[in-house]
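Chemist: With the input below, show me the fold.
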Amino acid sequence: MTIYIEQSKSCLKQSVYTVDINRQIQDIERSWDDYKNKNNELIDKITKYDYCIIDSNNMVLEYTDADVANNIQTATSRFDVVRNIEVDDEVVGYLIIKNDLRDRYNSKIDSIALFAVCICGAMLIVFLAGFYYINSRMLKPFDKLKKYATRIASGDLDVPLDMDRNHIFGEFTESFDIMREELLKAREIEKKADKSKKELVAQLSH
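Modeler: Numbers count the residues shown, from 1 in each chain. Purely as a prediction, here's the structure:
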């Protein structure tokens with residue numbers, strides 16, 4: 001029974017070379033007596049495509065790559081191109097041409113995966129850089145300022161606030177420290193006034 005499997009023209013154009021295949025089929029048919037005596041022979045690829053030659057009993061005679069389908073069923077499932085090998089109008093074997101679209105698809109998938117990894121890596125770097133910036137320029141200075149405000153509210157006016165204009169609260173920190181100095185001056189004035197008042201009361205009592 002003659003078996004002839006033909007893929008769509010678009011698939012054929014993308015994965016194989018029709019002229020080269022036809023020429024190879026003719027060469028195989030002319031030299032079939034030599035080919036039929038081969039047995040699972042791996043050879044170097046001299047064509048533009050990988051292939052496998054099997055006889056009508058599905059015995060592998062010659063192939064160029066272990067990944068090439070070695071029977072009709074597998075070739076059909078992979079959408080490979082299968083051509084009849086005929087001698088005296090009788091099908092004596094088949095030439096299976098590996099469909100390289102699958103390899104191209106896998107290559108595309110690998111490229112997309114690599115691109116996605118690079119994008120995710122870049123996004124992670126941007127995120128970490130943004131987090132570092134926000135943490136160093138906003139969160140830490142704000143927390144430091146909040147603790148300092150608590151100290152001032154409790155009456156600790158002696159320790160100055162470290163100045164750092166590199167963060168978002170830089171100018172506000174300077175203003176905050178000026179306020180601390182003014183409060184400290186006001187406290188000193190209040191102490192002096194209270195001392196003077198006590199001295200005056202003491203003098204009047206005598």
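Chemist: by contact count, what packs against the longest helix along the chain?
Modeler: Taking DSSP state H as the criterion, the chain has its longest helix at helix 170-205. Applying 3 or more C-beta pairs under 8 Å, 6 or more residues apart in numbering; DSSP states H and E, we find helix 170-205 packed against helix 140-153. From N, CA and C alone the C-beta is placed, and that goes for glycine too.
Chemist: Could you name the helices and strands sitting against the helix it packs on?
Modeler: Using 3+ C-beta pairs under 8 Å, 6+ apart, helix 140-153 is in contact with helix 170-205.
Chemist: quick one: the helix it packs on to helix 140-153, angle?
Modeler: Going by axes from the mean of the first three to the mean of the last three C-alpha atoms, to 10 degrees, helix 170-205 is angled at 10 degrees with respect to helix 140-153.
Chemist: Regarding residue 106, what is its secondary structure?
Modeler: Residue 106 carries the three-state label helix when classified by DSSP: H, G, I helix; E, B strand; the rest coil.
Chemist: how near is it to residue 23?
Modeler: 29 Å (C-beta to C-beta, to the nearest Å).
Chemist: At which residues are the helices of the chain located?
Modeler: Using DSSP H, the helices of the chain run over residues 9-15, 18-30, 32-35, 72-77, 101-134, 140-153, 170-205.
Chemist: of those, which approaches residue 61 most closely?
Modeler: helix 32-35 (5.5 Å; C-beta to C-beta).
Chemist: got the buried residues for the closest one?
Modeler: 32, 35 (16 or more other C-beta atoms under 10 Å).
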